[in-house]
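Enquirer: need coordinates for the following:
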Amino acid sequence: MQKREIRRGRPTGSKRFEEEPAKAFGMAVKVLRTERGTAQEALANLAGVERAHMGRIERGEHMPTLAVILNVAGALECSAAFLMEETEKCLKLVRAGALVDEDHDNRV
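Expert: Predicted coordinates:
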């Protein structure tokens, strides 16, 4: 039996990065984090990821795995379902071209 090699990154055959959902998820995380007055580094520690990784998530440069999404939701003290609802609201804004600057502090 052949040993399967585990590789990082997108799965084989995946042609592109889904930018809109990643940006929407990052916006939702950042809005919820700032509403709670939590520093990015503190949220990263609570979620079990590096601060730089959390920064990439918030900027929409990386779409996390389901396990990380669940950890982020737990760190934000909300359900993953609520986090996804907020992500869907942000996704509508992203798709409408209504992206706001990085200091977005209006509730979506």
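Enquirer: so where do the helices sit in the chain?
Expert: For the chain, the helices defined by DSSP state H occupy 19-35, 40-47, 51-58, 66-75, 80-95.
Enquirer: got TSV for these, with mean neighbour count too?
Expert: Quick note: C-beta positions are derived from backbone N, CA and C, even for glycine. Output for those, formatted as TSV (neighbours: other Cβ atoms under 10 Å):
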stretch	mean neighbour count
helix 19-35	20
helix 40-47	18
helix 51-58	19
helix 66-75	17
helix 80-95	17
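Enquirer: so what's T87 up against?
Expert: Residues in contact with T87 (Cβ atoms under 8 Å, 6 or more residues apart in numbering) are P21, A24, F25, M27, A28.
Enquirer: once you drop chain neighbours, what's closest to K23?
Expert: Sequence neighbours aside, G60 is the residue nearest to K23 in space, at 3.3 Å (criterion: Cβ to Cβ, 6 or more residues apart in numbering).
Enquirer: er, R95 I mean
Expert: Spatial nearest neighbour of R95, excluding adjacent residues (Cβ to Cβ, 6+ apart): E20 at 6.1 Å.
Enquirer: could you measure from that neighbour over to V29?
Expert: Counting by Cβ to Cβ, to the nearest Å, the separation of E20 from V29 is 15 Å.
Enquirer: next one: A44
Expert: A44 is 11 Å from V29, by Cβ to Cβ.
Enquirer: just M54 next, same as before
Expert: The value you get for M54 to V29, if Cβ to Cβ is used, is 8 Å.
Enquirer: what do the two both touch?
Expert: Common neighbours of M54 and V29 (Cβ under 8 Å, 6+ apart) are L43.
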